[in-house]
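>>> Sharing a sequence plus its predicted fold:
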Amino acid sequence: MAQPSTPAGPSYSLFGGPVNSGALSAPHGPLLLPPAPSSAATPASTSSSNNTFVMPNSPMKNRAMMDGYRPKVTRTLGQRPACLVNASVTYCGNNQIYAFGGFDQYTDEVYNHVLKLDLVSHQWSLVDNYGDIPGVRMGHTATLYEGDKLLVFGGENEHRTYLSDLIIFDLKTAHWTQPQVHGPIPKGRARHAAVLHEDKLFIVGGITGHDNYVLDDICYLDLKTYTWSRSWRFVGRFDHSAYIWDNRVWVFGGLSEDMDKIGDLCWLDLKGSPAFESPPQIGSASDRHAGMHRVGGSPRVPYSMGPPAVIGASGYAANSRTAQVNTPSFQLKTYAPMAPGAISALKFVSGSNVPSQGSGIHFHVYSSGTLLDFVTPAATITSKECSLSALDLVALRWQKLAEGREIFKPGYRWHYCTMNEDGTKAWLLGCPTDAANDVASNGFEEYLSDIMEIDLRRYGFLGNNFDPEPRNQTRPSHNTRAREQPSKGLGLDLAKLFNQPPETGSGTDFIITAHADDAEDEDGTSSGLIRAGEASPDQNWLAPDAPTSPPIHVHKLILQARWPHFARLYNAQMAEFHTKKMHIPEPYSVVKAFLYYLYTDSIHADDSATELSDVAGLLVMSNIYNIPHLRLLCVNRLSKELDVEHACIIWYCAGLANEEWLRKRAAAFCLTHWGRIVRTEDFLRLPRSALVELSQEIDMEGRVVGGDELEYVDGYRGRYDSCIARKDSISSDRTQALPSDMEDSEGMDIA
């Protein structure tokens, strides 16, 4: 490869410091490329002597110009809904949120209005709707189906009687229809959970009966035949959340029969149970036994002529305003069998990352096989005490993604949360707490006057369109690497050809080299790594003259199709076009993982997970070459697998890649586990400037706590050999007088 002359501005590798650029040589004048991503501050430069374009190899490092991500609160316009409680708020695609039903907190009036919020114009509007318009209701569920239908089930009406009807709202035509259903219709209920899976609408729990009996059942409606399954016993609670992932129904949160907030996680295996995998039979014995309860079996009467009165234990017509007669609620508890499949439960007793369900207003949504817990401000807690936490449903481990001050703007209360089907964005709907800023023309506050959009991709969430990761048969240890789902189809076929010499028949026609990983310098350090104690602020982990790695055999056609930077430079017919070779001045393992990603769209390689240090390097390369999907894969994995061994390199590379949220998380982790972090190999290899910068992440008043004094904070911060007190930790004027309830302030207190 032709070496460029010294550029006007230095170029940097992903580990910082000047190195030789991996640019391609232009044979006929300088190559003019589009501007580098905004995160790359080093300007592109050309050499007048050999007409070589030098690409900046490092993004901006001046964090004084950067602000961490914080969701934006927007005031809505138009026909803002009244103070709606127990309404359904659903994101329905096309940048639209629909609200239906609910009751007014001040007047107790129950509604059947349909309201729409346009997320582009932030305008609320009342939707004119037609057809079998349902009666008023609250505590129901509305589930998006096939992208253009809302499945509304259950709830309670103005008589405080419980409903069990299914009504479908067509978003395109604004028409309501009530399909004819078959099978044993479940008991009427409200404040239950509904979740869609493989054309089945699962209904879990809720409350029913004159005494607000808490249901502990699960059933489903087959949407292909509109046939109800029988009900099985599962877990009793209401106001909870439900999610189906990895062939399991997951239930979290909610209230118990004693009105206690529940922090247990329960799940039911669906796989291998014919009752869940096969559609319910029409005309079965259970269907005939429940025939008297059918809604669909009754003749439809136009709403203008007055709805028919339906009396029964379960059935309730959509338009009926007649009081429902419920059979004694003990029947379900007595006769319903346990659900087929294994039922499991997990109680989170305590932990610094476990969100306490007993304080604040919680919203639970699910994305990428992860439960998200938004702890939002309430009358008893401020935004400082709030948080965003995530529970990995594979590892069953909680992590705190962000503190409340990083998400919630002071002076607001949030009342509803909804998420898009992809699981990449969530919206909180609420209102200001300052009455002067939130008084409508009628003098009442509006619960849905403001909206906050949260981009979950900022926190590394891949979304729900990715297949679940393979589950280990044994519980993973703390050293186990969660593996990304291997590539399938074309990606798997291409992986078999990756890095195979041409003589094997692989068809590879291009060679990539990098810095050797296992080479040793004269002082004995490997890969050109410098000792941190001898590093100057401008030095680089990788020496400019680091030995070259073995060749990596690739197909230039794949690189052209998958790597826009390579395509632009190669199409300009630089020197590499003729030599069919290119050198990338980064570690061999990182470059190999990067090329493997270009082949497979995956950072899983060779039947084993790529090391976290290499994933950290990939994160920086995703920033250098502006590859958003690779960036998302890296942030997702690094945030989930943050550990003592790799925390330093994750912090360092997150800073280089301008991933401020991940950098803050890694820095906090390093300071919390400081005694172990300073003894890791990655810490000892950090450049001196990075060591100083990491040390300065601590608050000005922070100090090392150890010895006898550590006993005072052992229960508060966990058991460490040594720790550094942060801004919200024990400071020098508090260590002598800790409150007696300090231990109970962390984690969850479950009765």
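That came through, no problem. Since the model is a prediction, treat every value here as computed from it, not as a measurement.
>>> What ranges does the stretch 401-550 of the chain have for its helices?
Ranges of helices in the stretch 401-550 of the chain, per DSSP state H, counting those that start in this stretch, are 490-497.
>>> For the stretch 451-600 of the chain, just list every one of the strands.
Along the stretch 451-600 of the chain, counting by DSSP state E, counting those that start in this stretch, strands occupy 510-515, 552-554, 581-587.
>>> For Val204, grab the count of nearby residues.
Residues lying near Val204 (other CB atoms under 10 Å) number 30. Just so you know, the C-beta spots here come from the backbone N, C-alpha and C atoms, and that holds for glycine as well.
>>> picking up where we left off before, figure out which of the strands of the stretch 451-600 of the chain is closest to Thr382.
strand 581-587 (44.8 Å; CB to CB).
>>> Neighbouring strands of that closest one in the sheet, and parallel or not?
Strand 581-587 has its sheet partners listed here by DSSP bridges as strand 510-515 (parallel).
>>> pLDDT (mean, whole number) over the strand it pairs with?
Per-residue pLDDT over strand 510-515 has a mean of 90.
>>> which other residues reach that strand?
Outside of strand 510-515, the residues that reach it under the criterion CB atoms under 8 Å, 6 or more residues apart in numbering are 527-528, 542, 546-556, 559, 580-588, 590-592, 595.
>>> how about the strands of the stretch 451-600 of the chain in CSV, adding mean neighbour count?
Shown next, in CSV, are those (neighbours: other CB atoms under 10 Å):
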stretch, mean neighbour count
strand 510-515, 23
strand 552-554, 22
strand 581-587, 22
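>>> Dump these into CSV; add distance to Phe234 as well.
Listed next are the strands of the stretch 451-600 of the chain as CSV, based on distance: least, CB to CB, whole Å:
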stretch, distance to Phe234
strand 510-515, 53
strand 552-554, 51
strand 581-587, 50
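>>> looking at these, which is closest to Asp699?
Closest to Asp699 of the strands of the stretch 451-600 of the chain, according to CB to CB: strand 581-587, at 34.0 Å.
>>> May I have that closest one as PDB, with CA atoms only?
The C-alpha coordinates for strand 581-587 follow below in PDB (Å, rounded to 0.1, in the frame of the first residue of the first chain):
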ATOM      1  CA  LYS A 581      -4.500  -5.300  -0.400                       C
ATOM      2  CA  MET A 582      -5.400  -2.900   2.300                       C
ATOM      3  CA  HIS A 583      -4.000  -2.300   5.800                       C
ATOM      4  CA  ILE A 584      -6.200  -1.100   8.700                       C
ATOM      5  CA  PRO A 585      -4.100   0.200  11.600                       C
ATOM      6  CA  GLU A 586      -6.200  -1.400  14.300                       C
ATOM      7  CA  PRO A 587      -5.700  -4.600  16.400                       C
END
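>>> Next, count neighbours for the closest residue to Asp455 other than its chain neighbours.
Of all residues not flanking Asp455 in the chain, Lys425 sits nearest, at 5.9 Å (CB to CB, 6 or more residues apart in numbering). If you count neighbours by other CB under 10 Å, Lys425 ends up with 18.
>>> And the pLDDT at Lys425?
Reported pLDDT for Lys425: 96.
>>> Ok, Leu557 next?
Looking at Leu557, the pLDDT reads 89.
>>> Contacts only, for it.
Per CB under 8 Å, 6+ apart, neighbours of Leu557: none.
>>> Distance of it relative to Leu595?
13 Å (CB to CB, to the nearest Å).
>>> Could you do Leu151 as well?
Leu151 is 46 Å from Leu595, by CB to CB.
>>> Secondary structure class of Cys266, three-state.
strand (DSSP: H, G, I helix; E, B strand; the rest coil).
>>> Tell me the bridge partners for it.
Val251, Ala345.
>>> check contacts around it.
Going by CB under 8 Å, 6+ apart, Cys266 touches Phe234, Val235, Trp250, Val251, Phe252, Ile343, Ser344, Ala345, Leu346.
>>> out of the residues you listed, which one sits closest to Gly617?
Using CB to CB, those come closest to Gly617 at Trp250, 34.2 Å.
>>> List the contacts of that closest one.
Counted by CB under 8 Å, 6+ apart, Trp250 has contacts Ala242, Tyr243, Ile244, Leu265, Cys266, Trp267, Tyr366, Leu371, Leu393.
>>> Export those to CSV and append columns for distance to Leu618 and pLDDT.
Output for the contacts of Trp250, formatted as CSV (distance: CB to CB, whole Å; pLDDT from 0 to 100):
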residue, distance to Leu618, pLDDT
Ala242, 35, 97
Tyr243, 29, 96
Ile244, 31, 95
Leu265, 32, 96
Cys266, 37, 97
Trp267, 33, 97
Tyr366, 27, 96
Leu371, 27, 96
Leu393, 25, 94
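>>> which regions of this structure sit below the pLDDT cut-off?
Scanning the chain with the threshold set as pLDDT under 70 gives 1-68, 282-335, 435-445, 466-492, 517-546, 605-609, 705-751.
>>> so what are the domain limits for it?
72-81+180-459, 698-737 (automatic domain parsing).
>>> so which of these comes closest to Ser88?
That would be domain 72-81+180-459 among those, by CB to CB, at 8.9 Å.
>>> Span of that closest one from start to end?
For domain 72-81+180-459, the separation between the terminal residues is 15 Å (CA to CA, to the nearest Å).
>>> ok, now stretch 260-272?
Span of stretch 260-272 from end to end, CA to CA: 34 Å.
>>> swap in stretch 593-613?
End to end - CA to CA - stretch 593-613 spans 11 Å.
>>> in the stretch 651-751 of the chain, which spans are strands?
Assigned by DSSP E, counting those that start in this stretch, the strands in the stretch 651-751 of the chain fall at 704-705, 723-724.
>>> And the stretch 1-150 of the chain, by the same measure?
45-46, 53-54, 72-75, 77-78, 84-85, 88-91, 96-100, 103-104, 114-118, 123-126, 130-131, 141-145, 149-153.
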